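# Okay, here's the prediction I keep looking at, along with the sequence it came from:
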2 protein chains.
Amino acid sequence: MTTTATTARERMLLAKEAARSVGLLTDASKRDALRVIASAIDKAAAEIVAANVEDLERGRTDGLSVALQDRLRLDEPRVLALAAAVREIAELPDPVGRVLDRRTLANGVELTKVAVPFGVVGSIYEARPNVTVDIAALALRSGNAVVLRGGSAAERTNAALVRTMRGALADCGVDPEAIQTVDDFGREGARELMQARGVVDVLVPRGSAQLIETVVTESLVPVIETGAGVVHIVLDASAPLDWSRDIVVNAKTQRPSVCNSVETVLVHRDAAARLVPPVVEALIAQGVTVHGDEAVRSVADGVTPATDEDWATEYLSLDIAMKVVEDLDEALAHIRRYSTHHTESIITQDAANAERFLAEVDSAVVMANASTRFTDGGEFGFGAEVGISTQKLHARGPMGLAELTSTKWLARGDGQVRA
Amino acid sequence: MTTTATTARERMLLAKEAARSVGLLTDASKRDALRVIASAIDKAAAEIVAANVEDLERGRTDGLSVALQDRLRLDEPRVLALAAAVREIAELPDPVGRVLDRRTLANGVELTKVAVPFGVVGSIYEARPNVTVDIAALALRSGNAVVLRGGSAAERTNAALVRTMRGALADCGVDPEAIQTVDDFGREGARELMQARGVVDVLVPRGSAQLIETVVTESLVPVIETGAGVVHIVLDASAPLDWSRDIVVNAKTQRPSVCNSVETVLVHRDAAARLVPPVVEALIAQGVTVHGDEAVRSVADGVTPATDEDWATEYLSLDIAMKVVEDLDEALAHIRRYSTHHTESIITQDAANAERFLAEVDSAVVMANASTRFTDGGEFGFGAEVGISTQKLHARGPMGLAELTSTKWLARGDGQVRA
């Protein structure tokens, strides 16, 4: 179902209007709507794939990199996987209406703090059409309307997905204006979305560090920052070799392109000779390029010299930086300087050092003796993930459905006035 | 204790450094520090009052209004009251370290979500020196450092207060750099504070709607919006006269200059002839000017004609707007258009209408049959109030100490990697 609104602003106002009825839908209605959306995506698979083929052809003509083409690609199995993800979101518990606090004042006024939808959730992201469906489904499950801006490279694919989802909403009696795209307004659409304070309640950027920086800097709508991860693992003096090797290799190689993969390993000098050679060897065996400081290179072969730039780099590739530190203090100071406050982990058998690390590191997730790859809404048992917040306001770490809600105090009295 | 830092930026970096140790203080240490601050304020009362007299003299010379002079004034009883407020904050429970969620993954990794201090809390406010002490005490109690920008009219008073509080921190072994002012840098201090993303973690503006608008628009630091209140009371068809009269008079006249006082009363047409005359009469008897629409003026005497501007005005004075509406739908539509999402209340004996109002009004606090003056951290039992958030991110409604904390996930494992 296509929209009649002709400006980005008009579409956002329609979303705000739709948010009123969507916010009052019952748990069952929201679940049903998502099931209908999932079926509609299944049925429209051929049309969606055809739109995606057009985007891909244009991408190739425009010189889109092979990696970006892969992210953009939606073949039929991927479309069906998207629909399946919507069905999973449908089955998650409704985050709206949870009672978060309850107080009765001395005068008898009853206060209840309940979870309510934000209203309109905006998202600006890059050429990943799966985000179009993910965010729309998560927003609807939590009673929100959504305004999407997904990047021009995926414009036709996103249009087909949005049309399909809007049609499904109309079919089940939900206001289809609850799902809006401003893709067709190009950069102006993104700009208007960032200016829409009072209409859009929260804006979630997903994508490169540069995209996120732009949104944080320019948006008048409150933003939840997600994603960038210069993630550290510290190998303490007492770190066991097997944990060190298994966790570093897992955190780097299991999926190097994502934000929770490790980028820098800091090794306590007392453990350097024992741990660096076998850990470097295991990494190299997995095809990883190790960028090490002088102390690392003095004990291990095949290590590329690291520059200061390496410590600040989110490689998102089979590269890793490695440095020997004097002690835990130096490790903590290095993390303070270079961390993006996403996830850090210490490998140690010293309980006091583990607890000090957990207390002092100022990141969304701080670990002892576990792979940084666990920082993930799915792994945490949230069932779905909106993104990973690296800011401190409202949400920090993996964001599930609950993080797409705000709160409201309800007060029920019988005539009370303030003395 | 005065600072050696010569730029606003330098002071904010000192605050960030101090936040590390302040964030790790025990409950007892923070409580002690606040008690020492309270005693130091008591002892420095004469010096603080003298500084305030200088500010007041300059204010009179500069033509500061009498109302603003009154807000600026700190005589000895007011100074002692400030110290007493600090002692009360000292006795509140520590919001840091509360366990907010706990999960054990199937692989044995233990996840704990705990409340942690934000780090550095910034505040920009106008010539109310009590805010200098309130915010510093609330920030410290919750383990945060604070950077204050309190307006040039109170510069000498704030300087004396900050000097006193910093001296007290030094006396009890807490890093005095945890309390900073950038007052002496004028507008540039405020500008730098708003630009200090990554150094200051959250910024709380307190003051006029214009001040808050400026901060929201210009700040790169995440902001918690507080305060502006175009607050509505709806008198439904079934509203009892006594509740209507008592609640409207209380909500308007008990303290008209604050954000939770009512500004607009909407009366169901079926109750207009019954309720408007006695409610208007009671308001006028309390010295209130009633700005009414045609329907109000047709049933009550002494009512000034209202213009469209009245519906959008936060009077903060003994003025009130009153309008007759066709039904609850029109009341809800009026509130959607003019509310600042602070507090609205319905007076009704119809339980369905009460519940509909509670569900549909999109404000921080929504009431049935109670005075809007209850929207207050003290009344809610929080013991202290940072402000009243009218935004939906992180905090909504009265903000206590808990709202000055963020969260952190701690993960404790024994070598787990992701499959």
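Good, I have the coordinates.

# near chain B at all, the lengthiest strand in chain A?
Using DSSP state E to assign secondary structure, the strand with the most residues in chain A is strand A:405-416. Yes - shown here: strand A:405-416 in contact with chain B (Cβ under 8 Å from any Cβ of the partner chain) through A:Ser406, A:Thr407, A:Lys408, A:Trp409, A:Leu410, A:Ala411, A:Arg412, A:Gly413, A:Asp414, A:Gly415, A:Gln416. For every residue, glycine as well, the C-beta is placed using N, CA and C.

# Going through the residues you listed, which ones are buried?
A:Ser406, A:Thr407, A:Lys408, A:Trp409, A:Leu410, A:Ala411, A:Arg412, A:Gly413, A:Gly415, A:Gln416 (16 or more other Cβ atoms under 10 Å in any protein chain shown).

# and the two most separated of the residues you listed?
Across those, the two members that end up farthest from each other (Cβ to Cβ) are A:Ser406 and A:Gly415, 28.9 Å apart.

# hmm, back to that, I'd like the buried ones among the residues of strand A:405-416 next to chain B written out as CSV, with pLDDT added.
Compiled in CSV, these are given as follows (pLDDT from 0 to 100):
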residue, pLDDT
A:Ser406, 97
A:Thr407, 97
A:Lys408, 97
A:Trp409, 98
A:Leu410, 98
A:Ala411, 98
A:Arg412, 98
A:Gly413, 97
A:Gly415, 97
A:Gln416, 97
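
# and these as a markdown table, adding distance to A:Arg245?
Conversion of those to a markdown table gives the following (distance: Cβ to Cβ, whole Å):
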| residue | distance to A:Arg245 |
| --- | --- |
| A:Ser406 | 44 |
| A:Thr407 | 45 |
| A:Lys408 | 50 |
| A:Trp409 | 52 |
| A:Leu410 | 54 |
| A:Ala411 | 58 |
| A:Arg412 | 59 |
| A:Gly413 | 63 |
| A:Gly415 | 70 |
| A:Gln416 | 65 |
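
# what does the stretch 251-400 of chain A put close to chain B?
A:251, A:254, A:345, A:354, A:358-360, A:362-371, A:373-375, A:379-381, A:391-394, A:396-398.

# Got a PyMOL select line for the buried ones in those residues?
Selecting just the buried residues from these in PyMOL takes one command, with 16+ other Cβ under 10 Å as the test:
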select buried, chain A and resi 251+254+345+354+358+359+360+362+363+364+365+366+367+368+369+370+371+373+374+375+379+380+391+392+393+394+396+397+398
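
# now, which of the residues of the stretch 251-400 of chain A next to chain B lie within helices?
When DSSP state H is applied, those are split such that A:Ala251, A:Ala354, A:Leu358, A:Ala359, A:Glu360 fall in helices.

# Does A:Val162 touch A:Ile179 like I think?
Yes - applying Cβ atoms under 8 Å, one finds A:Val162 in contact with A:Ile179, separated by 6.0 Å.

# now the helices for the stretch 1-150 of chain A?
Chain-ordered helices for the stretch 1-150 of chain A, with DSSP state H, counting those that start in this stretch as the definition, fall at A:8-23, A:27-43, A:45-61, A:66-72, A:76-91, A:129-141.

# Of those helices, flag the one that's most buried.
Among the helices of the stretch 1-150 of chain A, helix A:129-141 has the highest mean neighbour count (mean count of other Cβ atoms under 10 Å in any protein chain shown), at a mean of 27.

# packing partners for that helix?
Helix A:129-141 makes packing contacts with helix A:27-43, helix A:76-91, strand A:120-125, strand A:145-149, helix A:155-171, strand A:179-181, strand A:202-206 when contacts are defined by 3 or more Cβ pairs under 8 Å, 6 or more residues apart in numbering or on different chains; DSSP states H and E.

# Next, the buried residues of the shortest one.
Neighbour counts using 16+ other Cβ under 10 Å place A:Ile179, A:Gln180, A:Thr181 of strand A:179-181 among the buried residues.

# Dump the residues you listed to JSON lines, plus distance to A:Arg297 and pLDDT.
Below are the buried residues of strand A:179-181 laid out as JSON lines (distance: Cβ to Cβ, whole Å; pLDDT from 0 to 100):
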{"residue": "A:Ile179", "distance to A:Arg297": "54", "pLDDT": "98"}
{"residue": "A:Gln180", "distance to A:Arg297": "54", "pLDDT": "97"}
{"residue": "A:Thr181", "distance to A:Arg297": "51", "pLDDT": "95"}
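
# Let me see the backbone angles for A:Glu218.
Its backbone dihedrals place A:Glu218 at phi -90, psi -20, with angles given as degrees, to the nearest 10.

# thought it was touching A:Met194?
Yes - A:Glu218 lies in contact with A:Met194 (Cβ under 8 Å); the separation is 5.1 Å.

# Show me which of the two is the more surrounded one.
Counting neighbours by other Cβ atoms under 10 Å in any protein chain shown for A:Glu218 and for A:Met194 shows that A:Met194 has the greater number, 23 against 14.

# which SS class is that one?
Applying DSSP: H, G, I helix; E, B strand; the rest coil to A:Met194 yields a three-state assignment of helix.

# Quick check, pLDDT for the closest residue to it other than its chain neighbours.
Counting by Cβ to Cβ, 6 or more residues apart in numbering or on different chains, the nearest residue to A:Met194 once its immediate chain neighbours are dropped is A:Ser219, at 4.0 Å. In this prediction, A:Ser219 carries a pLDDT score of 93.

# Give me the neighbour count for A:Ser219.
By other Cβ under 10 Å, the burial measure for A:Ser219, its neighbour count, is 22.

# circling back: any common contacting residues for A:Val162 and A:Ile179?
Shared contacts of A:Val162 and A:Ile179, defined by Cβ atoms under 8 Å, 6 or more residues apart in numbering or on different chains, comprise A:Ala136, A:Leu148.

# Residues touching stretch A:18-37, excluding its own?
Identification of contacts with stretch A:18-37 by Cβ under 8 Å, 6+ apart yields A:86-87, A:89-91, A:94, A:96, A:116-117, A:119-120, A:136-137, A:140-141, A:143-145, A:164-165, A:168-169, A:171-172, A:174-178, B:359-360.

# Can you show me the CA trace of that stretch as PDB?
Only the C-alpha atoms of stretch A:18-37 are listed here, as PDB (Å, rounded to 0.1, in the frame of the first residue of the first chain):
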ATOM      1  CA  ALA A  18      -1.200   6.500  13.600                       C
ATOM      2  CA  ALA A  19       0.900   6.100  16.800                       C
ATOM      3  CA  ARG A  20      -2.100   7.000  18.900                       C
ATOM      4  CA  SER A  21      -4.100   3.900  17.800                       C
ATOM      5  CA  VAL A  22      -1.100   1.600  17.500                       C
ATOM      6  CA  GLY A  23      -0.100   2.500  21.000                       C
ATOM      7  CA  LEU A  24      -3.500   1.300  22.300                       C
ATOM      8  CA  LEU A  25      -3.600  -2.000  20.400                       C
ATOM      9  CA  THR A  26      -3.800  -5.100  22.600                       C
ATOM     10  CA  ASP A  27      -1.000  -7.600  22.800                       C
ATOM     11  CA  ALA A  28      -3.000 -10.000  20.600                       C
ATOM     12  CA  SER A  29      -3.700  -7.400  17.900                       C
ATOM     13  CA  LYS A  30       0.000  -6.500  17.700                       C
ATOM     14  CA  ARG A  31       1.000 -10.200  17.500                       C
ATOM     15  CA  ASP A  32      -1.600 -10.800  14.800                       C
ATOM     16  CA  ALA A  33      -0.500  -7.800  12.800                       C
ATOM     17  CA  LEU A  34       3.100  -9.100  12.800                       C
ATOM     18  CA  ARG A  35       2.000 -12.600  11.700                       C
ATOM     19  CA  VAL A  36       0.100 -11.000   8.800                       C
ATOM     20  CA  ILE A  37       3.100  -9.000   7.900                       C
END
